[in-house]
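Q: Quick one, structure for this:
(chains A, B, C and D, ligands or ions: 5)
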Amino acid sequence: ADPVKIGFLVKQAEEPWFQDEWRYAEQAAKEKGFTLVKIGVANGEKMMAAIDNLAAQKAQGFVICAPDVKLGMAVERAAKRNNLKVMSVDDQLVDGSGKPIASIPHMGISAYEIGKQVGQGLIEEMKSRGWNMTEVGAMRMAFDQLPTARERTQGAVDALKAAGFPVANIVDAAQAKTDTESAFNAANIALTKQTRFKRWVVFGMNDEAVLGTVRAAEGRGLRNDAVIGIGIGGSKTALNEFAKPSPTGFYGTVLISPKRHGYETSVNMYKWIAESKVPAALTLTTGVLMTRRNQADVRAEFGL
Amino acid sequence: MSSSQVPSLQFEEVCKFFPGVKALNGVSFEAHAGTVHGLLGENGAGKSTLLKILGGQYKPDGGRLLLNGNVCHFTSAGDAIAAGIAVIHQELQYVPELTVAENLLLGRLPQKLGFVNRNEARRMVSQRLQQMGVDLNPDARLCDLSIAQRQMAEICKALLQDAQVIAFDEPTSSLSYRESEILFRLIRDLRAAGRTIIYISHRLEELYALCDACTIFRDGRKIVTHPVMADVPRDVLINDMVGRELSDIYDYRPRAIQSERLVVRQLKGDALPTGQDFSVRGGEVLGFFGLVGAGRSELMRLLYGVDKRGGGSSVVLDGTAVSNDGPAAAIEAGIVLCPEDRKEQGILAQASVAENINISCRRHGLLGGLFLRHKREAELADRFIQRLKIKTPNREQEIRLLSGGNQQKVILARWLAEPGMKVLILDEPTRGIDVGAKNEIYRIIHEVAERGCCVIVVSSELPEVLGICDRIIVMREGQISGQLERAQANETAVLGLALPDMQTT
Amino acid sequence: MSSLSPAQADDESAVKQPTLKQSTGMKTTQHWLQEQSMPLAYALLFVVLSFTVENFFSTTNIVGLMLSVAQIGMVACTMMMCLASRDFDLSVGSTIAFSGVLGAIILERTQSITLAVGGGLLAGALIGAGNGVLIAYLRVNALIATLATMLMVRGLAFIVSKGQAVGISNETFISFGDGRLFGLPYPVLVVAACFLVFGVLLNHTVFGRNTLAIGGNPDAARLAGIRVERLRIWIFLLQGLVTALAGLILASRITSGQPNSAQGFELDVISACVLGGVSLQGGKARISGVLVGVLIMGTVENVMNLLDVDAFYQYLMRGFILLAAVLLDQLKSHATRKS
Amino acid sequence: MSSLSPAQADDESAVKQPTLKQSTGMKTTQHWLQEQSMPLAYALLFVVLSFTVENFFSTTNIVGLMLSVAQIGMVACTMMMCLASRDFDLSVGSTIAFSGVLGAIILERTQSITLAVGGGLLAGALIGAGNGVLIAYLRVNALIATLATMLMVRGLAFIVSKGQAVGISNETFISFGDGRLFGLPYPVLVVAACFLVFGVLLNHTVFGRNTLAIGGNPDAARLAGIRVERLRIWIFLLQGLVTALAGLILASRITSGQPNSAQGFELDVISACVLGGVSLQGGKARISGVLVGVLIMGTVENVMNLLDVDAFYQYLMRGFILLAAVLLDQLKSHATRKS
Ligand SMILES: Nc1ncnc2c1ncn2[C@@H]1O[C@H](COP(=O)(O)OP(=O)(O)OP(=O)(O)O)[C@@H](O)[C@H]1O
Ligand SMILES: Nc1ncnc2c1ncn2[C@@H]1O[C@H](COP(=O)(O)OP(=O)(O)OP(=O)(O)O)[C@@H](O)[C@H]1O
Ligand SMILES: O[C@@H]1[C@@H](O)[C@@H](O)CO[C@H]1O
Ligand SMILES: [Mg+2]
Ligand SMILES: [Mg+2]
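A: Ligands and ions are numbered 1, 2, ... in the order given. Predicted structure coming up:
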């Protein structure tokens, strides 16, 4: 038979998360002896081109984290047309009406669930610090142009609400781009408007969003005793904060495992191709709240 | 000027080749300090190319250039300036957004530690301008000046360099009478101060008035140098230049003039606030003369609809009002205008000669109103290239690579090719054009008139206006100051109407 | 007025003709080489890649490559006209997104393909015409005007879709994106048709020539009787229309209208044009150049993916190849000038 | 050579002078109004916003606003020079990212602020000079050249950082970003200094005037003996240097060098310049205009967030305000021309 070749397509190749996923997928490739083709697919157009490209390279299947979950139908059709096996990672693909596509096995997280974990983490830390929730502001660093970003922050909001956090204290700040500086600027304005809060909990779509917010708060003299920020991703951005000599308002980050996602999905795909072993239809992984205190343990646990 | 004296400027066997063109083919001549040396030749003969070599803009492909007996190798315009050479180029080279003072001192602004001393710059410039008798505001931006003023600024820029060798490439082509007089005075002063002056022009009167000696070019070669200009008869000069006899270049033949076709009443606009009246008869060549800024171009632009006409203006052609809806409407009505500024308003620099000729008239020959007929266009282009003797390797040459006069011919051809034309307006049509081609253009003008069309010629060349027009309208300070039939027209009468100071006397 | 005095014409041609003929001949070959140097260079590159890069020269890959540049190619055709007329359009990416989203919404609501396509195209045409009016009549700087429409149209795309991708389930509509004729997917056929149509439009119609003229010298064009404002509006309108078509095709290919799609698309399209020798100063355009520009952009991406180049190094490579392409072109025209 | 026949000269001036004088006088007031119309309009906008938008006119907010445009403002100063000389630079966003990352890496390795800042600035200067050489000497189209460097430099930023944010823990370095003097954060002071320096450079130095000259008419500049190529390289080098400084300041503000920061930054900067009346055709620039352009961009964003405008509608608003700003400017200059 032909040597096994597997594609691994991710939506934001530059993001550390996906770099890690690819690294673990490579590890699997080395162990199992298949070829891995890594392509970044920033948008729907590039994704279609990449799938065609895989077919031209005579790959037999691919793992994908698509730029948008609604691209599900397109992925399914393109895979079928090119006779490629496909499974999704991280974000579960849906069809035109929003239902998960059953024929595509998935391993990943739910953006909403991750967000919920952020919210719960914030609640717990507030409790342990003995903060009175009615005096605390919650800042949602929003980037609603991106569906996953909205789902994540929505999860956090819902978790806060569920724990009895006053809805009126939840403040939106809209970042214009997804980088740290935009978050900084947006947070600055929100802090100007909301001078009534002396304490803040902060969340956003990723670690960068929370970092920018924390820096803006510091500019107002709001330091680690007045700010609890929890990011998403567990990237170097977060680790840098934890490495600082004294704690900052960046309290923690919800870490998900790129290792499992990268390694296991590609192994599953390999087995599907080489051994006709169909992967489980749905595998959900969970995140873990990583803080300055437990960072070493968590990372070890995740094999990072 | 004894022969033992080392010439201040010498060209030896200078060559310059462009793809398909031998612009200069082994040219040698010399010019002496304290003289004005005229350069003459047909369009495309290589005169400007020679000056570009002198100015360090081009490197010669062969031969050499000597200043006071020393060989010069210029690698940039800066080198030439440093060697004491100033060139006034045929195509104006100014920076539109900078002031007169900054333009005049470009490249050598007075400075201290890199900071411009503006007051010093203004002072230097206004002092020199005053000395020269040139009326320019040092703080005006170049783009706010009229073309003539820009040309004057360009001349002053070179004069401010206090160079030893000063070369003028058709400096008067955009100047009118009054400014030309100032320029001539300046040139005579320079000669008296012992400078070496090279002077290119197609206006023979000027050359006779100014030059001590002259050299004639044809097709990139030197034909002859006449050491004493005054001794050379006009016919010989023309014959040397164009290679044939030309007795009367105006070629005026009386023709039947019909009734009024174009009637203009109360024509006004932003630039010309007082309404002007005039009319043109079929078969008539009507001249417009005036000093610089008299508003002739403005009037024509209003007539053609380039500038919006003010309320109350009326333009009636053959009994039908011409709508005030831009040049496109005027052209549809049969009025065409060849603009005065070929670089800004005429040429499509990147396009070919053929394209430049066909642009305005191709709508007559389209297939299905949309598709071009390439062959027809090529034929039309070739016909005019031959008829106007446009010097170009082929019709596909980019127009910007042609010599100035040849570009002008291409722009003229564009309008002469228009078949539906009833009124032909030519604004400074022969600017920069050699005598041979002028003659050809006058003949075409007469031909067009003979077909019963109205022809309006705006010109700052008095002999030309006197030579070809049936009637002359003179403008002064934005208004028509009078008109003269051909029979009454002579130099004094026309100038009398044109010059403001003669009004009272 | 056309007859010329025969005697004169004859001796003129007798003198000039030989040199004229000769230089014309030389010029033509040289000219042709210069004109076609980009296509020739690309052809060479293509052959080299076919031999050196595994899987490059295969039907699936070539078809995939062509599909991958379908959207860029279509819009590059009209962008060429736009740049040729000394204009600029940053709003194409947003228009792609908006027309796709709008088409998808209409389709899902009405299930009528005619309405969906009609609505998308109409929206595109309106956006284009709006740009045209702003730029030609209100004299707003083209960069700012189309930046503003880029923002507004993107906003509209988000608003009408509430920020969510709009799924498409209509099979007929989807088949526009992946159906085939003579083995070629429809989008490839459409882009080929675009190049044909705009090639003819540019070179063989008064529309194209006038476009180049207003780009080359707007004042001169106006004086020559071209209705400059009207023409510019038409160019933008056409651009909007073709862009909307590209957006609809994209939506059908990816079975959804995505309000986020085609970000940065404008830069890709403009780069492809400039790479193909279209001047940002206006007045200069060649359809073969644009085609090659588009193909180079697509080929680079394709080959890097075939070779599994690391994502970070892809940036380096892309930059490097862009430079190499223009530098080569530069050298060539330098060489021609020298000779 | 200077003497002139007095009679003629005198009546010449007698006739011309009055009209000239008069129009010059009128011109000056008009001119001033026209020159300053952008600042005046912005001042008006500012007053209106102060009264209508809650929290707008407060020290914290104004300082925050100024901080938010610090990077754009710095780079807009040099971009103004670049555009004034008829050039174009797309690589600034990548340079910000790269210099920040590089500075952070050096800092973490050596703990030497001098080395870190020096290294970052050197990198910026080299990138700029590289652009300059490509464009001025190798005559590569500026759009393509800087697009290529934009890609390559971004790639480098990813490569040296392995795609990860590089943390900064050096307190002194961090204090560059959030320290204050006279109540103003250092970055705001730096951007103010930039506007001052480049305002003087543009208007009062040979460098600035020559920059405008080569943009306004490169041939004229060359003929006047200006070393056009060298000047262009200096402009790009300066641009790289200032951009790198902006990148280092950004890194210190966000306490890390982030390889994916400042994407799309180039378009923001260029838009601010164009909004401020800098011409893409070169030869035209005004520092007060650029300042206002930058402030408008920042103010719009600031106010929309203060007013809690929905993210999707923000796109609409931003587009709308851009248009309004240039249309106003357009109307004004139209009115002046009429009068
Ligand atoms: N850069 C160039 N490329 C190609 N051909 C050129 C270039 N410059 C000049 N030529 C050609 O060289 C010849 C000489 O041109 P030049 O400008 O010196 O003529 P000229 O004598 O000044 O004519 P005119 O009286 O019309 O100004 C012309 O045929 C012109 O087309
Ligand atoms: N000093 C000046 N500053 C600004 N505009 C001026 C000045 N002098 C004249 N003008 C304007 O320039 C225009 C005249 O331009 P132009 O010189 O083209 O007139 P003309 O009569 O056609 O002369 P010619 O065609 O010979 O140059 C008039 O509108 C006049 O108001
Ligand atoms: O985009 C995110 C990525 O950043 C990582 O968090 C995994 O899930 C994806 O949805
Ligand atoms: Mg000449
Ligand atoms: Mg005139």
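
Q: Show me which residues of the stretch 101-250 of chain A sit near chain C.
A: A:144, A:145, A:146, A:147, A:150 (Cβ under 8 Å from any Cβ of the partner chain). All C-beta spots, glycine's among them, are computed from the backbone N, C-alpha and C.

Q: Touching, the first one and residue A:150? I think so.
A: Read that as residue A:144. Yes: distance between residue A:144 and residue A:150: 4.8 Å, which falls inside the contact criterion (Cβ atoms under 8 Å).

Q: Touching both of those two, which residues are there?
A: residue C:163 (Cβ atoms under 8 Å, 6 or more residues apart in numbering or on different chains).

Q: and residue C:33, what pLDDT?
A: Predicted confidence (pLDDT) for residue C:33: 70.

Q: My guess is residue A:29 contacts residue A:266. True?
A: Yes: assessed by Cβ under 8 Å, residue A:29 is found in contact with residue A:266 at 6.6 Å.

Q: So if I had to pick from the two, which one is more boxed in?
A: residue A:266 (30 against 22; other Cβ atoms under 10 Å in any protein chain shown).

Q: any residues touching the helix or strand hosting residue B:63, and which ones?
A: Residue B:63 belongs to strand B:62-67 when assigned by DSSP states H and E. Here strand B:62-67 makes contact (Cβ under 8 Å, 6+ apart) with B:7-15, B:26-28, B:53-54, B:71-72, B:74, B:83-85, B:164-165.

Q: ok, back up a step: who wins for neighbours among the residues of the stretch 101-250 of chain A next to chain C?
A: residue A:145 (24 neighbours).

Q: can I assume that one sits in a helix?
A: No: using DSSP: H, G, I helix; E, B strand; the rest coil, the assignment for residue A:145 is coil, not a helix.

Q: Now the common contact residues for residue A:29 and residue A:266.
A: Contacts common to residue A:29 and residue A:266, judged by Cβ under 8 Å, 6+ apart, are A:6, A:36.

Q: what sits up against the helix or strand residue B:464 falls within?
A: Using DSSP H and E, residue B:464 sits in helix B:462-468. If you take Cβ under 8 Å, 6+ apart as the criterion, helix B:462-468 is touched by B:177, B:205, B:249-250, B:252, B:285, B:287-289, B:430, B:438, B:442, B:445-446, B:457, B:459, B:472, B:489-491, B:494-495.

Q: again with stretch A:256-266
A: A:6, A:8, A:17-18, A:20-25, A:27-29, A:36, A:63, A:87, A:89-90, A:107-109, A:114, A:233-234, A:283, A:285-288, A:302-304.

Q: among these, which are in strands?
A: Among those, the residues falling in strands (DSSP state E) are A:6, A:8, A:36, A:63, A:87, A:89, A:90, A:107, A:108, A:283, A:288.

Q: And the closest residue in space to the fifth one that isn't next to it in sequence, how far from chain C?
A: I take that to be residue A:87. Excluding the flanking residues, the one nearest residue A:87 by Cβ to Cβ, 6 or more residues apart in numbering or on different chains is residue A:105, at 4.2 Å. Using Cβ to the nearest Cβ, to the nearest Å, residue A:105 is found at 20 Å from chain C.

Q: And the residue of the stretch 1-150 of chain C closest to chain D?
A: Across the stretch 1-150 of chain C, the shortest distance to chain D (Cβ to the nearest Cβ) belongs to residue C:148, at 4.0 Å.

Q: all strands of chain C, in order?
A: Under DSSP E, chain C gives strands at C:166-167, C:180-181, C:184-185, C:256-257.

Q: Could you export those strands as CSV, including distance to ligand 1 and mean neighbour count?
A: Shown next, in CSV, are the strands of chain C (distance: least, Cβ to the nearest ligand atom, whole Å; neighbours: other Cβ atoms under 10 Å in any protein chain shown):
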stretch, distance to ligand 1, mean neighbour count
strand C:166-167, 57, 23
strand C:180-181, 49, 11
strand C:184-185, 45, 18
strand C:256-257, 53, 33
